[in-house]
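Q: starting from these lines, generate the structure:
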Amino acid sequence: MTHFLDIHKTDPDALREIIDTAKRVKAARAGRPKGTPDDDLPLAGHMVALIFEKPSTRTRVSFDVGVRQMGGQTMVLSGTDMQLGHGETIADTARVLSRYVDLIMMRTFEEDTILEMAEFATVPVINGLTNRTHPCQIMADVLTFEEHRGPIKGKKVVWTGDGNNVFASFAHAATQFEFDLVFSGPEPLDPEPSLNGRFTTERNPHKAVEGADLVVTDTWVSMHDPQSARERRHNQLRGYQVNAELMAHAKPGALFMHCLPAHRDDEATSEVMDGPHSVIFDEAENRLHAQKAIMRWCLGK
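A: Next up is the predicted model:
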C-alpha cells in the first residue's frame, strides 16, 4: 500500500518524482479556468474521503479542487461526523472506509491516529497534518522554491520561530532533498529532541539568515492556545520576527515563505509578506499542485 505519511518515510526518488509531476501538472493547466478538468482525468471513477478533525482552509480547498480537477469525487467529513476514536475504533473506521473510498486524506491531532488509520486501511492514506508533521505543506514549499530558484539541493534554508510540526517536516525534507536547514528560535520552543531530520541551531536570527536562500516562519500561536500561552509565546518570539531588517542579512535574492494563515506584523511584517522576497501566495497555490501529484503517486497514476 502506497501511503504518504511523512517525508522521511518516503524514498527520495519518489519525492523527486512527486515534485516533477507537480511541475508538469501545473504547467499543463496554465491559463485554464479553475473548474475545468485535467486532460487525463487520472481519478475518474475514484472516491476520496477528506477527514478533518482539525479545521482548515488551504488543505480542504486544495484537496477538494485537486480531486475534482482530476475527475474524482470527494466526501468531506469532520471528526464529529465520524466520532473517531469515541464510539468506533480508528482501526474499524479504516476498515469500513476502505470499502467505500479509494483514497483517504486525514488532518488530525495525534500522529498515532493517522498511523493507525494507515495500518488498517486497505487504500492509500495521506497525512494532511498532525501535531508532529505537515508533509504536504513542505512538498509545496520545495516546489515553490524550485520554480523560483532552481534545485533546492545544497541551498540554505533558515527557519525562525517555533520548532513546530511544519519545521519538523522541513527537517525531514532537508535530509531527503539534501539542503542545509538552520533553526533559529528560543530554547523553550526547540524542535522535539527525537526529531529525525537534518538541521543546525543558531539562536541569533541575524547570524542565522546570513547567506540564506530562503527564510521561513510560521504563526506564533495556534487557534487552540489559551490567552496566557499566546502572551508567553509573543514574549519568547518577539526577537525572531521576520522584518525588512532581518531579510537584509540574507542573500539579496532570498525568498520568504509562510504557510499561512498569518498573524500579520507578529511573526512577519506586512512589508515582508507583500514585498519582493515573498512568494507566500505561490506557495499557497502550490498546495494544490503538489497534492495532486501526491494523490497520483499514491494511486499509481
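Q: quick one: Glu116 and Ala212, what's the gap?
A: According to CB to CB, to the nearest Å, Glu116 stands 38 Å off from Ala212. Heads up, the C-betas are built off the backbone N, CA and C, glycines and all.
Q: and the two? Which one has more around it.
A: Ala212 (25 against 18; other CB atoms under 10 Å).
Q: so who does that one touch?
A: Lys156, Val157, Val158, Val182, Ala250, Lys251, Ala254 (CB atoms under 8 Å, 6 or more residues apart in numbering).
Q: likewise Ile104?
A: Val48, Ala49, Ile51, Ala94, Leu97, Ser98, Met117, Ala121, Val123, Pro124, Val125, Ile126 are the contacts of Ile104 under CB under 8 Å, 6+ apart.
Q: only the buried subset of those, as a PyMOL command please.
A: This is how PyMOL selects the buried members of those, with burial counted by 16 or more other CB atoms under 10 Å:
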select buried, resi 48+49+51+94+97+98+117+121+123+124+125+126
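Q: so which of the contacts of Ile104 are in helices?
A: Ala94, Leu97, Ser98, Met117 (DSSP state H).
Q: roughly how far out does the longest helix anywhere in the chain sit from the chain middle?
A: In the chain, with assignment by DSSP H, the single longest helix is helix 280-298. For helix 280-298, the separation from the chain centroid amounts to 9 Å (computed by CA atoms, centre = their mean, to the nearest Å).
Q: closest one of the ones in helices among the contacts of Ile104 to Arg58?
A: Met117 (21.2 Å; CB to CB).
Q: wait, what's in contact with the closest one?
A: Going by CB under 8 Å, 6+ apart, the list of residues near Met117 reads Ile90, Thr93, Ala94, Ile104, Met106, Val125.
Q: in TSV: those residues, plus pLDDT.
A: Shown next, in TSV, are the contacts of Met117 (pLDDT from 0 to 100):
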residue	pLDDT
Ile90	93
Thr93	93
Ala94	96
Ile104	98
Met106	97
Val125	98
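Q: which one of the residues you listed is nearest to Met273?
A: Met106 (29.7 Å).
Q: pretty sure that closest one sits in a strand.
A: Yes. Under DSSP: H, G, I helix; E, B strand; the rest coil, Met106 falls within a strand.
Q: dump the residue contacts of the nearest residue to it once chain neighbours are set aside.
A: Distances taken as CB to CB, 6 or more residues apart in numbering place Ile51 nearest to Met106, at 4.4 Å, with adjacent residues excluded. The neighbours of Ile51, taking CB under 8 Å, 6+ apart as the test, are Leu77, Ser78, Gly79, Met82, Leu84, Ile104, Met105, Met106, Arg107, Thr108.
Q: how about the helices in the stretch 201-301 of the chain?
A: 205-208, 227-237, 244-247, 270-273, 280-298 (DSSP state H, counting those that start in this stretch).
Q: so which elements touch the fourth one?
A: Packing contacts for helix 270-273, counted by 3 or more CB pairs under 8 Å, 6 or more residues apart in numbering; DSSP states H and E, involve helix 244-247, strand 255-258.
Q: mind giving me the packing neighbours of the helix or strand of the chain with the lowest mean pLDDT?
A: Across the helices and strands of the chain, mean confidence by mean pLDDT, DSSP states H and E is lowest for helix 79-82: a mean of 78. Counting contacts by 3+ CB pairs under 8 Å, 6+ apart, helix 79-82 is packed against strand 47-52.
Q: just want the angle from the strand it packs on to helix 280-298.
A: For strand 47-52 against helix 280-298, the angle by axes from the mean of the first three to the mean of the last three CA atoms, to 10 degrees is 130 degrees.
Q: quick check: mean pLDDT across the helix or strand following strand 47-52?
A: Counting by DSSP states H and E, the element after strand 47-52 in chain order, helix or strand, is helix 58-69. Mean pLDDT, computed over helix 58-69, is 98.
Q: show me where pLDDT drops low in the stretch 101-250 of the chain?
A: Along the stretch 101-250 of the chain, the parts satisfying pLDDT under 70 run over 223-224.
Q: for it, what spans make up the strands?
A: 103-107, 125-129, 156-160, 180-184, 200-201, 214-217 (DSSP state E, counting those that start in this stretch).
Q: include distance to Leu246 when you put those strands into CSV, please.
A: Below are these laid out as CSV (distance: least, CB to CB, whole Å):
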stretch, distance to Leu246
strand 103-107, 31
strand 125-129, 27
strand 156-160, 8
strand 180-184, 10
strand 200-201, 17
strand 214-217, 7
